[in-house]
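# Starting from these lines, generate the structure:
(one chain, ligands or ions: 3)
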Amino acid sequence: MKKITSSQFLLFLSLLALWFTSIAFGADTTHPEEVQALKDMGKTLGKKEWDTDIDPCSGQPPWFTSKENNNVTCNCTIPGENFCHVVIILLKSQNLRGMLPRELIRLPYLEEIDLTKNYLNGTIPTQWGSSNLRSMFLFMEID
Ligand SMILES: *[C@@H]1O[C@H](CO)[C@@H](O)[C@H](O)[C@H]1NC(C)=O
Ligand SMILES: *[C@@H]1O[C@H](CO)[C@@H](O)[C@H](O)[C@H]1NC(C)=O
Ligand SMILES: *[C@@H]1O[C@H](CO)[C@@H](O)[C@H](O)[C@H]1NC(C)=O
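Numbers count the residues shown, from 1 in each chain. Ligands and ions are numbered 1, 2, ... in the order given. Predicted coordinates for the structure are as follows:
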């Protein structure tokens, strides 16, 4: 059997420390597929401010501004997940003039989306029915 050198042992210790750190603090970046989904969704909705160079789960503008009606919320502590996942999107009263975003199905952990007081057109995309969203609440006003 090969003798374990002290530098190998140190490497092992630091990997162990890294592992504990990731367990303790969870993930801190958005899942790449969800970043792309949000990018496409921004185009569909006409939400021009969304800039995916800034991590959507960072809690920073443009994803979150202190107004209650502009808020992307993520869960970064889902067991077995190394990334943050989008769970709530609030986009109330933003004068959005795009279409209802079929990209929602690409956010599998989404629980709630609030699009009230916008001017979105189109019907509820049929893809939503086949999504694996466990429960989703969509708030909209029909003119
Ligand atoms: C953003 O949304 C989350 C989830 O609803 C909520 O906990 C948080 O307070 C909201 N922030 C603001 C400023 O409304
Ligand atoms: C994140 O998701 C896990 C598993 O569904 C849940 O237990 C936990 O309460 C959630 N955390 C937040 C901050 O929503
Ligand atoms: C909805 O609005 C978009 C952008 O203004 C337009 O391209 C599209 O044709 C409209 N769709 C419907 C069903 O009205």
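# Now name the helix or strand holding residue 34.
Using DSSP states H and E, residue 34 sits in helix 32-45.
# Spell out whether that helix and ligand 3 are in contact.
No: judged by Cβ under 6 Å from any ligand atom, helix 32-45 and ligand 3 are separated, with a smallest distance of 9.2 Å. Where you see a C-beta, it was placed from the backbone N, CA and C, and this is true even at glycine.
# List the buried residues for that helix?
Counting neighbours by 16 or more other Cβ atoms under 10 Å, one finds that the buried residues in helix 32-45 are 34-35, 37-38, 41-42, 44-45.
# Turn those residues into a markdown table, columns for pLDDT.
Listed next are these as a markdown table, based on pLDDT from 0 to 100:
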| residue | pLDDT |
| --- | --- |
| 34 | 97 |
| 35 | 98 |
| 37 | 97 |
| 38 | 98 |
| 41 | 96 |
| 42 | 97 |
| 44 | 95 |
| 45 | 95 |
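# how about stretch 6-20: buried residues?
For stretch 6-20, using 16+ other Cβ under 10 Å, no residue counts as buried.
# Touching the helix holding residue 34 from outside, list them.
For helix 32-45, contacts defined as Cβ atoms under 8 Å, 6 or more residues apart in numbering pick out 30, 47-48, 50, 52, 55-56, 72, 83, 85-86, 91, 96, 98-104, 106-107, 115, 118, 120.
# so where is the protein shaky, pLDDT-wise?
1-2, 18-25, 129-143 (pLDDT under 70).
# can you count the residues close to residue 47?
19 (other Cβ atoms under 10 Å).
# what do you get for residue 4?
9.
# what's near enough to touch it?
Per Cβ under 8 Å, 6+ apart, neighbours of residue 4: none.
# What distance do you get for it to ligand 3?
From residue 4 across to ligand 3, the span is 64 Å (Cβ to the nearest ligand atom, to the nearest Å).
# Can you report how many residues neighbour residue 71?
Residue 71: 17 neighbours (other Cβ under 10 Å).
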